[in-house]
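>>> Need the 3D shape of this:
(chains A and B)
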Amino acid sequence: MRSLLFSLLLLVAGPAAAEEVVLGLSKDKVAITATFEGSDILVFGAVKREVPIPSGDPLEVLVTVSGPNVPVTIRRKDRVAGIWVNTDSLEIDGAPSFYAVATSGPLEEVLSPGEDLRYQISIPRVIRSAGALHGLKDTATFADALIRIRSNNNAYQLREGRVAVDEQTLFRTSVRLPSNLTEGEYKTRIFLTRGGKVVSRYETEIAVRKVGMERWLYTLSRENPLWYGLMSLAIAIFAGWAASAAFQVLQRR
Amino acid sequence: MQIYLPIAEVSVNAFLLLGLGGIVGILSGMFGVGGGFLMTPLLFFIGIPPAVAVATEANQIVASSFSGVLAHFRRKTVDLRMGTVLLVGGLCGAAVGVVLFNYLKSMGQVDLLVKLCYVVFLGIIGGMMFFESLRAIRKSRAGGPPPKRKKHTFIHKMPFKMRFRTSGLYISVIPPLIVGVCVGILAAIMGVGGGFIMVPAMIYLLGMPTKVVVGTSLFQIIFVTAFTTLLHATTNYTVDIALAVLLLVGGVIGAQIGTRIGTKLKAEQLRILLAMMVLAVCFKLALDLLIEPSELYSIGTGGGH
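Residues are numbered from 1 along each chain as shown, chains lettered A, B, ... in the order given. The predicted model follows:
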């Protein structure tokens, strides 16, 4: 029993003791206001160690930022009797609404497939593990389609070689959060690897919140939907009347 | 100028939305259609989630229709009595339509059915209107008296006759009620206000004068879309008030301009323009069905149909 505990302790503390991440974020809160146009977050840090820099494979750094998981339906069109219609669909319980990976080198060089499977770092890994995929046999093509479409919208980003590492100690990168962000906690993970193996990792969160008018309207729409609906109608009726009255005045002149 | 929409959770260009609202508003004021059939796909295109687009669009139509109907009230081209009869029929039809829609949805392939309905329906209505107004224009060019559309049909033999003074009609209430119910059903299934089905039905089936049709259609659209807005706001929480305000500022101004353009046109010119618009929408939908899309996959938020 004691030896088991001891080895567990070793597992937890073992790699972390050698090299550890000390992290800084340019901001850990993102406020979505009415004129929000996206946000750049600078992720920087240093590697703390009690021993000299190990020889052998150089230190590589991977930074991931992932938005809240949202259920997604992917539909495929097929030709039926000469017309194109949605035939098959696949539901994913939760795929991140935003996901970015920045690395200090080509992904396959800085991360081994085994470690990718274990920590779920690359985009395909994250999607495949995102939640139960239910629907069809060829789920892989649907997952690929999701990645393709979201990558085109910049919702999923793979930025290889964009983490700058100095003297195997200091690292920095910047992550661009797009303007169409979903509210929630954006999980930020830092991995240090050597020869494709993860030697240390660190996790933190960036809170993305609507503020001011945006927050007020959103809350009202969820908590008092009837009043919210009546308010929308009142605005519509008033605007209709105002335009009509204004044009009448203009015409009299 | 970019604006972040609180419910849609996307950031869009404010001026683009003002412009879109204005164009759709002009059409609304000219033809008495809500414009949802045009606006909804445009909103999809700029990245607004479909559910939010449909719900918010309804709210915007309330504004532009109200703006347009006030302009028509001043010209006395709104048949309140006819509008009310159509509205009663329309609301009954919408209730039936929602039940029917849910039944079709449980059977699957409802999207396809809706699209096919659309194409066939729009093609027939648009085609018929186009040729009818073309003939009317030719006749008026030839110098003859403006053609009288058939005054006495089976419609005039039905009971429960009512006088619709603004339209200059003395007909049974049954046909307008039936038209209302049919349009209500179709509107609920297709997810549109039904203006551009209602307008041709009023002209050709009920024999109402074209000028009165536009105002009367707008009058009943206000109520249908106001009801839709409330329904979406309370059940799906998908009405985006910021998006609605941007669209409706353009929409109400456009509607005023549209009504003024409408009064300058002759009845048959108005009909031929509407026919061309209906045919254009029909053509676009048909193309979507027939041409292989460049991206076969599409992403929707989970849960929806």
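>>> For A:Arg201, which three-state class applies?
At A:Arg201 the chain is in strand, as set by DSSP: H, G, I helix; E, B strand; the rest coil.
>>> Not counting residues beside it along the chain, what's closest to it?
Once flanking residues are discounted, A:Arg201 sits nearest to A:Phe191: 4.9 Å by CB to CB, 6 or more residues apart in numbering or on different chains. (Glycine included, C-beta is placed from N, CA and C.)
>>> looking at the sheet around that neighbour, what are its partners?
Bridge pairing for A:Phe191 (DSSP bridges) gives the partners A:Leu62, A:Arg201.
>>> Hmm, it is touching A:Leu62, no?
Yes - the criterion here is CB atoms under 8 Å, and A:Phe191 meets it with A:Leu62 at 4.4 Å.
>>> which of these two has more neighbours?
For A:Phe191 against A:Leu62, the residue with the higher neighbour count under other CB atoms under 10 Å in any protein chain shown is A:Leu62, and the figures read 28 against 23.
>>> quick one on the thing from earlier: find the residues that touch each one of A:Phe191 and A:Leu62.
Here A:Phe191 and A:Leu62 share the contacting residues A:111, A:121, scored by CB atoms under 8 Å, 6 or more residues apart in numbering or on different chains.
>>> Give me the distance between B:Ile137 and chain A.
Between B:Ile137 and chain A the distance is 29 Å, computed by CB to the nearest CB, to the nearest Å.
>>> so what does the longest helix seen in chain B touch, helix or strand wise?
When every helix of chain B is counted residue by residue (DSSP state H), the longest turns out to be helix B:110-142. Counting contacts by 3 or more CB pairs under 8 Å, 6 or more residues apart in numbering or on different chains; DSSP states H and E, the secondary-structure elements packed against helix B:110-142 are strand A:83-96, helix B:80-107, helix B:174-190, helix B:195-200, helix B:267-290.
>>> Where does A:Val47 sit, in terms of helix or strand?
strand A:39-49 (DSSP states H and E).
>>> what's the average pLDDT for stretch A:72-84?
Predicted confidence along stretch A:72-84 averages 81 (mean pLDDT).
>>> Pull the residues that contact it.
By CB under 8 Å, 6+ apart, the list of residues contacting stretch A:72-84 reads A:85-92, A:94-95, A:142, A:145-146, B:112, B:288-293, B:296-304.
>>> Make a PyMOL selection of whichever of those residues turn out to be buried.
What follows is the PyMOL syntax for the buried subset of those, where burial is set by 16 or more other CB atoms under 10 Å in any protein chain shown:
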select buried, (chain A and resi 85+86+88+90+91+92+95+142+145+146) or (chain B and resi 112+289+296+297+298+299+300+302)
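>>> Those residues of the stretch 1-150 of chain A touching chain B, which are they?
Among all residues of the stretch 1-150 of chain A, those adjacent to chain B (criterion: CB under 8 Å from any CB of the partner chain) are A:32-38, A:70-80, A:82-86, A:91-93, A:142, A:145-146, A:148-150.
>>> Give the helix, strand or coil label for A:Ser244.
Secondary structure, three-state DSSP: A:Ser244 is helix.
>>> Check the average confidence over the strand or helix carrying B:Thr259, would you?
Using DSSP H and E, B:Thr259 maps to helix B:241-264. Average pLDDT, helix B:241-264: 89.
>>> Ok, stretch B:273-285 next?
Stretch B:273-285 shows a mean pLDDT of 84 in the predicted model.
>>> Likewise for stretch B:123-130?
Stretch B:123-130 shows a mean pLDDT of 85.
>>> before we move on, what about stretch B:294-301?
When pLDDT is averaged along stretch B:294-301, the result is 76.
>>> ok, and what's touching that stretch?
Here stretch B:294-301 makes contact (CB under 8 Å, 6+ apart) with A:70-78, A:86, A:142, A:145-146, A:148-150, B:49-51.
>>> what's the offset of it from the middle of its chain?
Between the mean C-alpha location of stretch B:294-301 and the chain-wide mean there is a distance of 27 Å, by CA atoms, centre = their mean, to the nearest Å.
>>> So B:Phe44: helix, strand or coil?
When classified by three-state DSSP, B:Phe44 comes out as helix.
>>> Below-threshold pLDDT in the stretch 1-150 of chain B: ranges please.
Scanning the stretch 1-150 of chain B for pLDDT under 70 picks out the ranges B:105, B:107-111, B:143-150.
>>> tell me which parts of it are close to chain A?
With CB under 8 Å from any CB as the criterion, the stretch 1-150 of chain B comes near chain A at residues B:1-4, B:6-7, B:9-11, B:47, B:59-60, B:62-71, B:74, B:109, B:111-112, B:115.
>>> Buried only: go through those residues for me.
By neighbour count, with 16+ other CB under 10 Å, the residues of the stretch 1-150 of chain B next to chain A hold B:3-4, B:6-7, B:9-11, B:59-60, B:62-71, B:112, B:115 as buried.
>>> Give the closest residue to residue 161 in space, chain neighbours not counted.
Picking chain A for this. A:Gly105 (5.7 Å).
>>> nope, chain B
If the residues on either side of it in the chain are set aside, B:Lys161 comes closest to B:Ser172, at 5.3 Å by CB to CB, 6+ apart.
>>> Quick check, that neighbour in contact with B:Arg163.
No - no contact is recorded between B:Ser172 and B:Arg163 when judged using CB under 8 Å, the distance being 11.3 Å.
>>> the more surrounded of those two?
Under the neighbour definition other CB under 10 Å, B:Ser172 and B:Arg163 were set side by side, and B:Ser172 has more, 15 against 10.
>>> circling back: give me the distance between the residue nearest to B:Lys161 and chain A.
When distances are taken as CB to the nearest CB, B:Ser172 and chain A turn out to be 33 Å apart.
>>> got it, and B:Leu287?
When distance is defined by CB to the nearest CB, B:Leu287 is 10 Å away from chain A.
>>> That residue: neighbour count?
B:Leu287 has 10 neighbours, counted by other CB under 10 Å.
>>> how much space is there between it and A:Ile83?
The gap separating B:Leu287 from A:Ile83 is 11 Å, by CB to CB, to the nearest Å.
>>> Give me the neighbour count for the residue nearest to A:Pro68 when sequence neighbours are not counted.
Taking CB to CB, 6+ apart, and ignoring the residues beside it in sequence, A:Pro68 has A:Gly184 as its nearest neighbour in space, at 3.3 Å. Neighbour count of A:Gly184, defined by other CB under 10 Å: 18.
>>> just A:Thr35 next, same as before
As a burial measure, A:Thr35 scores 12 neighbours (other CB under 10 Å).
>>> Quickly list what the residue nearest to the spatial centre of chain A is bridged to.
To find the centre residue of chain A, average its C-alpha atoms and take the closest one (CA atoms, centre = their mean): that gives A:Ser66, at 2.4 Å. Beta-bridge pairing of A:Ser66, defined through DSSP bridges, involves A:Tyr99, A:Lys187.
>>> wait, is A:Arg76 part of a helix?
No - counting by three-state DSSP, A:Arg76 is not found in a helix; it is strand.
>>> on that earlier part again, pick the most buried one from the helices and strands packed on helix B:110-142.
Among these, the stretch with the highest mean neighbour count (mean count of other CB atoms under 10 Å in any protein chain shown) is helix B:195-200, at a mean of 26.
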